[in-house]
Each structure stands twice: as structure tokens, then as C-alpha cells.
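# Provided below for reference: sequence and predicted model.
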Amino acid sequence: MWKKHKELLPVLKISSLLSSNSCILLSKRCLLQLSSVKGVGSSVCPKTFSVNFSTISEVHKEKKIAKKLNPISNDFSSLDLMDPIQESLNKVFKFEKMVGCQQPVLSSLPTAEDMLVKAKTGTGKTVAFLVAALEKLKNNSPNTWNAVLAGRHKVSILIIAPTRELAIQILAESQKICKFLPLKSVLICGGEMKRPQINNLTKQRCDIVVATPGRLLDILHSNEVMKTIFSKTRILILDEADRLLELGFKEEMEKIMTFLPTKERETLLFSATLNKETKHVAASTLKKNYLHIDCIPENEVESHHQIRQSYIISPFSQQLPLILDIIRKSKESNPLSKIIVFFPTANMVGYFSQVFNAIIGLEIIELHSRLNQIQRVGASKNFRAAMGGILFTTDVSARGIDYPDVTLILQVGIPITRDLYIHRVGRTGRAGKDGEAIMILSPYEKPFLKELNNLNVKEDVRHSPVFSASKKENIAKLQSIIRKAPKQESMECFFTWVGYMRGIFGKHKLDYEKINAASSEFAKHMLGIASPPTINKETDQKTRLHNLNEEKTNVNISDETGTMEGGRNTVQTRGSPKSSSFKVRKSTNRIASKVNGRN
Ligand SMILES: Nc1ncnc2c1ncn2[C@@H]1O[C@H](COP(=O)(O)OP(=O)(O)OP(=O)(O)O)[C@@H](O)[C@H]1O
């Protein structure tokens with residue numbers, strides 16, 4: 001039947017296949033359009049899930065396979081998963097229905113094909129890839145699976161994520177899914193001592209490794225025995241694959257791959273965003289006949305419709321009171337509201353955390369790369385556990401992190417790319433819940449809005465730029481706090497901000513005159529620097545802030561790379577991260593103590 005129709009059916013509507021409860025044949029050059037299937041997903045999801053989870057817009061497949069996709073049920077129990085996994089989903093996760101990409105991914109099993117999966121933020125990709133990896137491993141061969149169960153097969157599954165926080169989160173999920181299996185999951189990431197991590201690999205059972213690229217590569221190079229340990233890796237997963245395959249990580253990833261088997265390895269790439277360029281790189285890392293599962297229908301954008309998104313154009317002079325106003329309003333309307341505020345650089349997070357902590361009634365949790373590992377883990381844990389709470393952070397928290405019940409995302413300034421905007425916003429509205437995202441931009445940053453063209457980001461008219469008497473009081477209060485900040489620390493903050501912005505300004509073709517105007521306003525109103533240095537070619541070079549108008553230099557400036565495990569190419573604008581971090585923290589603590597009269 002397939003042969004007969006394949007020329008006639010380059011595009012198949014999955015609805016007809018579903019209604020007849022039939023077997024779906026995927027064949028070379030075949031493109032299945034599942035995007036408009038109703039009733040597969042949302043209607044049978046748990047209450048909290050309202051998004052159109054289980055729609056697939058494309059499934060590309062080169063080799064002929066036959067697969068059953070159950071049209072009626074998207075219960076996990078309808079799948080032929082091994083008992084220990086069913087038990088874990090049922091008793092540990094307490095999940096009944098599949099959501100997001102879970103049905104398309106898991107229904108395609110058993111398959112030995114590589115996978116490229118794109119699905120919106122917060123739609124359950126972690127469980128999808130963990131279950132897929134374990135099932136794939138089991139189906140690899142009875143010998144392999146028996147060896148794995150008996151603990152004779154090291155590092156069968158390797159999962160790589162771009163940040164420590166995300167790796168820790170995946171590790172926890174991995175331990176949960178393996179609750180009824182004898183498999184052990186271990187963490188390899190920076191910020192922790194290397195020796196115990198090496199011991200975890202060499203001296204004990206270790207079936208699943210969750211790693212960040214920098215430390216993993218470091219450990220791979222540390223010891224000849226690592227080649228043997230990783231020689232049996234059967235499944236490689238890249239979470240946030242587009243990030244791991246772009247500049248800053250790509251080189252490390254390529255080196256890591258040289259330690260892994262090629263032929264026997266199956267690779268799974270997952271992300272909520274995959275632009276043309278990264279899709280191309282991603283495809284080139286997969287075996288030819290990979291399965292492409294795109295859960296975002298062609299006519300839909302990558303962000304969620306249930307997240308209300310808006311922007312406010314506000315001069316720097318009004319941004320600090322505006323932030324305060326938005327936070328206060330959110331807390332007034334719901335004392336349990338959980339808020340994440342994104343700033344462009346780690347210095348800014350450190351600095352403004354202390355500024356806002358000096359305001360009575362606010363308790364800010366700060367999280368960025370310049371904290372040590374204990375502080376990072378502590379901050380992440382505290383915010384996760386907080387019923388309400390305010391987190392000031394950088395892009396270390398932008399991707400993959402699943403803090404429960406975040407109600408508001410506030411972005412101060414421009415994210416480096418449209419994709420990062422989507423990931424930041426995706427920290428709310430997870431698992432079908434509602435959420436809100438507001439972005440505060442200076443008039444200089446307005447051109448960035450073009451990049452968000454179809455994302456339904458509306459101008460926010462609720463927060464008027466005209467300030468009442470009480471808000472004017474806030475302005476005075478905030479100004480007095482920042483005026484007391486040690487000058488050197490304000491200057492550091494200023495330079496890192498300029499470093500961050502230079503790529504973005506370059507991209508939007510702002511000349512030195514405009515950059516100077518923007519920098520001067522930023523310095524004066526956000527940092528209390530009365531006469532900031534002029535940014536010209538000379539100061540640019542002095543501070544190693546070259547290529548002001550270069551388009552693609554922005555990638556490595558943000559804290560995202562600086563803080564992540566990779567990013568060997570990271571440009572540090574001033575000083576080493578450690579010394580700078582110490583200064584920022586010390587200085588900003590000084591701001592708080594001065595304001596509180598303790599100094
Ligand atoms: N089948 C399910 N039923 C109910 N909740 C689920 C299900 N699968 C996952 N979740 C929950 O949905 C939330 C988001 O899942 P997850 O963090 O895996 O999303 P993601 O798609 O990886 O997001 P991101 O793109 O931001 O990395 C988590 O809290 C997770 O526990």
C-alpha cells in the first residue's frame with residue numbers, strides 16, 4: 001500500500017491516519033503534517049495543560065519504518081515502556097498523560113535513529129529525552145542492556161547541558177526516572193572539586209552522566225582511562241542543543257565527540273529554539289537518517305500564547321523606580337508572585353541586587369556566574385523552594401531552568417538574541433500555566449523590538465512614565481542608594497554594560513555619538529556616575545572594547561557564556577571573573593551597609 005501511494009502522497013495529513021487508527025508509515029522524502037490535529041494533546045492533558053502540546057508540524061524520515069501512534073490515548077500507560085519507567089512516571093513523577101513532544105518522541109520508539117526535537121519551553125522535554133534514552137538503551141541489544149543492568153557498562157548515557165544549574169536539575173530528574181532501575185546517575189560540572197568527580201567515574205558504578213561541556217572536556221583530557229570509560233556511550237543527549245552547537249561551545253563539543261563512539265552511538269538533540277543556522281549544524285552532527293520532530297506548527301511562534309508579553313520604553317532615568325513599581329504592583333496583586341528579573345551582566349545583577357535589597361520589604365536572591373558554586377546552588381535552591389520570591393539573574397537562568405510557579409519575567413535591557421528572549425520568557429507559563437513577561441527598554445534599545453516582530457509583544461500602557469509623588473520619592477531614594485556606591489564598583493558595572501551593549505548597538509548600527517549618549521544616561525541614572533568616560537575608539541581599545549560596530553561579536557560578551565561551562569572564547573572586559581566578582585560583591589555589600597548606616 002505504501003509503495004502504491006508514496007508518489008501521490010509527499011505530504012500526508014495525519015488526521016486521516018489517526019481517525020482510521022492506522023499504522024503510520026514514514027518514508028524517504030515523506031513529510032507528515034500533524035500540526036492541525038485536534039484532540040491529540042490538549043484535550044486529554046492534565047487540567048493545568050492548556051497548550052496545544054502534542055502537535056507535530058514535521059516529521060522527516062529517510063528510512064522506511066512502521067510505527068503505531070495511538071490516536072485515542074496519550075496516557076503513558078498506552079506505550080510499551082519498560083515497567084520500572086512506567087512505575088516511576090506513575091509513582092514518582094505522578095504523570096499520567098504525555099504532553100508536548102512526549103507522545104511523538106516516545107511513540108516513535110523503538111527506533112535506533114538519531115533525533116532532532118524542537119518543542120516549546122516548559123513542555124516536558126526532559127522526561128521525553130530521559131525516557132527515550134533509557135528505552136533506546138534497552139532496545140540496543142539484550143547483551144548491552146544486561147551488561148548495563150549488571151553495572152558492567154560505564155557511561156551508557158551522556159547528557160550535556162550548557163549551565164551547571166540545568167545539569168543539576170537534569171540529574172535530579174534522571175535519578176527520579178531511574179528510581180526502580182539499578183542505574184546510577186552522576187554529575188560532572190564546574191565549580192565543584194574535580195577529584196571526586198573523577199572518582200565517581202572511575203571507582204563506582206556510573207550509568208548516566210549529566211555534564212557541562214567545560215568540566216567534562218577537562219576530565220576527559222585528564223586521564224587516559226577516560227577514553228575507555230566513555231568508549232561505551234550508546235546515547236548522547238544535548239539539551240539546549242542550539243546553544244551547545246553555537247560559538248563558545250562548538251569547539252568543546254567537537255572535542256568531546258572525539259572521545260565517544262560514532263557508529264554505536266545514537267544522538268538526541270532537544271531545544272525550544274533552532275534557527276536556520278543551528279538547525280544546519282545540528283543536522284550535521286546527526287546520522288543521515290535522523291528523525292526530526294518539530295512540535296511547533298509552522299504558523300505558530302516559539303513562545304506561548306498564554307504568556308502575556310509586553311514592553312515599556314523608558315529612559316534610564318526612570319528605569320530603577322519602574323522596576324520597583326512593577327515588582328511592588330505584582331506583589332500587591334499576589335503576595336505569592338514569583339518574579340525573575342534578567343539583567344545583561346553579572347556585575348549588574350550583583351550591583352542592583354544590593355541596591356534593591358536596601359529597599360525595605362524587598363528580599364532579592366541573586367544568581368550569576370560570579371558567585372561561587374555554593375552560593376549558586378544555594379540561590380537556585382532558595383528560589384526554587386520560595387513560595388513567592390524575587391530572583392535577580394543573568395542568562396545563566398535563561399535556558400531550561402524549571403523554577404515552579406514563576407508568575408512574572410522582567411527583562412531590563414535587551415537580550416542578546418531573539419532566541420534568548422524566548423528562553424527567558426519561557427521561565428514562566430510552564431506546564432500550561434499562565435504567566436507574564438515585561439521588558440524594559442531604553443529608547444536607544446527600541447530597534448531590538450523588530451526582532452520580536454511576530455511574537456505578540458505589545459506596548460505596556462499600564463506603567464505610565466509620568467510619576468506620582470510617591471514614585472518621585474522612590475526615585476530620590478534609589479538615587480541616594482546608588483550615589484553611595486563605591487565609584488570603582490559603579491565603573492566596573494559601567495564597563496561591563498558597555499561591553500555587553502557594544503555588540504548589540506553595533507548590530508543596530510548605532511554610532512559613537514548615540515552610544516555615548518546612551519552610556520552617559522545609563523551611567524548617570526542607573527549607577528550614579530556623574531561624568532562617565534567617553535566611549536570612543538581610544539577608550540574602546542583601552543578597555544578592550546573593540547569592534548563596536550561589529551555585528552557578531554555580541555555572542556561572547558554576555559554572562560551566558562561567561563558563566564557557562566564552555567565559552568573559552570569569552571571576552572572578559574575587565575579583570576578576571578574572580579577578582580571582579582569579589583569586588584562587585586564586596587562593593588555592593590558596602591552599598592547596602594552604607595545605606596543601612598552600618599559602615
Ligand atoms: N507528562 C507530564 N505531565 C505533567 N507535567 C509534566 C509532564 N512532563 C513534564 N511535566 C512538567 O512540566 C514542567 C516543564 O518540563 P521541562 O522542564 O522538562 O520542560 P522543557 O520543555 O525542557 O523546558 P525548557 O525548554 O525551558 O527547557 C516540569 O515541571 C515537569 O515536571
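Good, I have the coordinates. Numbers count the residues shown, from 1 in each chain.
# From residue 108, how far out is residue 292?
According to C-beta to C-beta, to the nearest Å, residue 292 stands 11 Å off from residue 108. No exception for glycine: its C-beta is placed from N, CA and C like everyone else's.
# Need the overlap of contacts for those two.
Shared contacts of residue 292 and residue 108 (C-beta atoms under 8 Å, 6 or more residues apart in numbering): residue 115.
# And stretch 276-291, how far out from the chain middle?
Put simply, stretch 276-291 sits 20 Å off its chain's centre (C-alpha atoms, centre = their mean, to the nearest Å).
# which one is the residue in the stretch 201-350 of the chain that the ligand sits nearest to nearest to, not counting chain neighbours?
With C-beta to the nearest ligand atom as the measure, residue 272 is the residue of the stretch 201-350 of the chain nearest to the ligand, at 3.9 Å. The shortest distance from residue 272 to any non-neighbouring residue, by C-beta to C-beta, 6 or more residues apart in numbering, is to residue 121 (4.5 Å).
# residues near the one you found, how many?
Neighbouring residues of residue 121 were enumerated by other C-beta atoms under 10 Å; the total is 25.
# Would you agree it falls within a strand?
No. Counting by DSSP: H, G, I helix; E, B strand; the rest coil, residue 121 is not part of a strand but coil.
# Now for it: which residues touch it?
Here residue 121 is in contact with 272, 302, 303, 304, 422, 423, 425, 426, 427, 429, 430 (C-beta under 8 Å, 6+ apart).
# can you tell me how far it sits from the ligand?
Here the criterion is C-beta to the nearest ligand atom, to the nearest Å. By it, residue 121 lies 4 Å from the ligand.
# Please apply the same query to residue 130.
Distance, residue 130 to the ligand, by C-beta to the nearest ligand atom: 9 Å.
# same thing with residue 393?
Residue 393 is 15 Å from the ligand, by C-beta to the nearest ligand atom.
# Residue 193 now?
28 Å.
# in the stretch 1-150 of the chain, which spans are strands?
Ranges of strands within the stretch 1-150 of the chain are 11-13, 23-26, 30-33, 58-61, 65-68, 115-118, based on DSSP state E, counting those that start in this stretch.
# so for the fourth one, what's the average pLDDT?
Summarised as a single mean, pLDDT over strand 58-61 is 40.
# any weak-confidence spans in the stretch 51-200 of the chain?
Applying pLDDT under 70 to the stretch 51-200 of the chain flags residues 51-72.
# got the residues of the stretch 401-550 of the chain near the ligand?
The interface of the stretch 401-550 of the chain toward the ligand, taken as C-beta under 6 Å from any ligand atom, is made up of 402, 426, 430, 431.
# which two in those residues are spaced the farthest apart?
Distance extremes for these: the farthest pair is 426 and 431 at 11.3 Å, using C-beta to C-beta.
# Tell me the residues that contact both of these two, please.
With C-beta under 8 Å, 6+ apart, residue 426 and residue 431 have common neighbours residue 122.
# just to revisit the earlier point, quick one: buried ones out of the contacts of residue 121?
With burial judged by 16 or more other C-beta atoms under 10 Å, the buried subset of the contacts of residue 121 is 272, 302, 303, 304, 422, 423, 425, 426, 427, 429, 430.
# In this structure the last one contacts residue 409, no?
No. Using C-beta atoms under 8 Å, residue 430 makes no contact with residue 409, being 11.1 Å away.
# In space, what's closest to residue 188 - neighbours in sequence excluded?
Ranked by C-beta to C-beta, 6+ apart and with sequence neighbours excluded, the top spatial neighbour of residue 188 is residue 211, at 4.0 Å.
# Low-confidence ranges, the chain, go.
1-72, 464-470, 536-599.
# domains of it?
Domain assignment for the chain, taken from automatic domain parsing, gives 12-68, 77-294, 307-590.
# Got phi/psi on the most centrally placed residue in the chain?
Taking C-alpha atoms, centre = their mean, the centroid of the chain lies closest to residue 399, which sits 0.8 Å from it. As for residue 399, its main-chain torsions (degrees, to the nearest 10) stand at phi -110, psi 130.
# quick one on the thing from earlier: keep only those of the contacts of residue 121 that are in helices.
Using DSSP state H, 422, 423, 425 are the members of those that sit in helices.
# Which one of these is nearest to residue 144?
Nearest to residue 144 among the ones in helices among the contacts of residue 121, counting by C-beta to C-beta, is residue 423 at 35.2 Å.
# how close does the closest one get to residue 122?
10 Å.
# do the same with residue 103
Counting by C-beta to C-beta, the gap from residue 103 to residue 122 is 16 Å.
# near the ligand, which residues of this structure?
Counting by C-beta under 6 Å from any ligand atom, the chain comes close to the ligand at 46, 95, 97-99, 102, 119, 121-127, 272, 400, 402, 426, 430-431.
# can you do 5 Å?
Neighbours of the ligand within the chain, by C-beta under 5 Å from any ligand atom: 95, 99, 121-127, 272, 400, 402, 426, 430-431.
# For the residues you listed, pick the one with the most neighbours.
Taking other C-beta under 10 Å as the neighbour criterion, residue 426 ranks highest of the residues of the chain next to the ligand with 28 neighbours.
# Spatially, what comes nearest to that one if we skip its sequence neighbours?
Spatial nearest neighbour of residue 426, excluding adjacent residues (C-beta to C-beta, 6+ apart): residue 121 at 2.6 Å.
# I'd like to know the phi and psi angles of that neighbour, please.
Residue 121 adopts backbone torsions of phi -60, psi 140, taken as degrees, to the nearest 10.
# so who does the nearest residue to residue 435 once chain neighbours are set aside touch?
Leaving aside its chain neighbours, residue 435 sits nearest to residue 428 (2.9 Å; criterion: C-beta to C-beta, 6+ apart). Residues near residue 428 by C-beta under 8 Å, 6+ apart: 307, 340, 406, 407, 408, 409, 435, 436, 437.
# hang on, the earlier thing: which residues sit in contact with the residue nearest to the centre of the chain?
If you count contacts by C-beta under 8 Å, 6+ apart, residue 399 has them with 162, 163, 166, 240, 243, 420, 423.
# Put together TSV for those, with distance to residue 136 and secondary structure on each row.
Formatted as TSV, these follow (distance: C-beta to C-beta, whole Å; DSSP: H, G, I helix; E, B strand; the rest coil):
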residue	distance to residue 136	secondary structure
162	23	coil
163	25	coil
166	22	helix
240	20	coil
243	23	helix
420	31	helix
423	27	helix
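# Which two of those residues have the greatest separation?
Farthest apart among the contacts of residue 399 by C-beta to C-beta are 166 and 420. That separation is 14.4 Å.
# before we move on, the earlier item: any idea how far the residue nearest to the centre of the chain lies from residue 322?
Counting by C-beta to C-beta - residue 399 and residue 322 are separated by 26 Å.
# Ok, residue 165 next?
To residue 322, residue 165 is 28 Å away according to C-beta to C-beta.
# again with residue 128
In this view, residue 128 and residue 322 are 39 Å apart by C-beta to C-beta.
# Please export the C-alpha coordinates of stretch 231-246 as PDB.
Provided in PDB are the C-alpha atoms of stretch 231-246 (Å, rounded to 0.1, in the frame of the first residue of the first chain):
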ATOM      1  CA  SER A 231      34.000   4.200  24.800                       C
ATOM      2  CA  LYS A 232      30.700   2.500  25.500                       C
ATOM      3  CA  THR A 233      28.500   5.500  25.500                       C
ATOM      4  CA  ARG A 234      25.400   4.500  23.500                       C
ATOM      5  CA  ILE A 235      23.200   7.500  23.800                       C
ATOM      6  CA  LEU A 236      24.300  11.200  23.700                       C
ATOM      7  CA  ILE A 237      21.800  13.900  24.500                       C
ATOM      8  CA  LEU A 238      22.400  17.600  24.000                       C
ATOM      9  CA  ASP A 239      19.800  19.600  25.900                       C
ATOM     10  CA  GLU A 240      19.600  23.200  24.700                       C
ATOM     11  CA  ALA A 241      21.300  21.800  21.600                       C
ATOM     12  CA  ASP A 242      21.300  25.000  19.600                       C
ATOM     13  CA  ARG A 243      23.200  26.700  22.400                       C
ATOM     14  CA  LEU A 244      25.700  23.900  22.700                       C
ATOM     15  CA  LEU A 245      26.300  23.900  19.000                       C
ATOM     16  CA  GLU A 246      27.000  27.600  18.600                       C
END
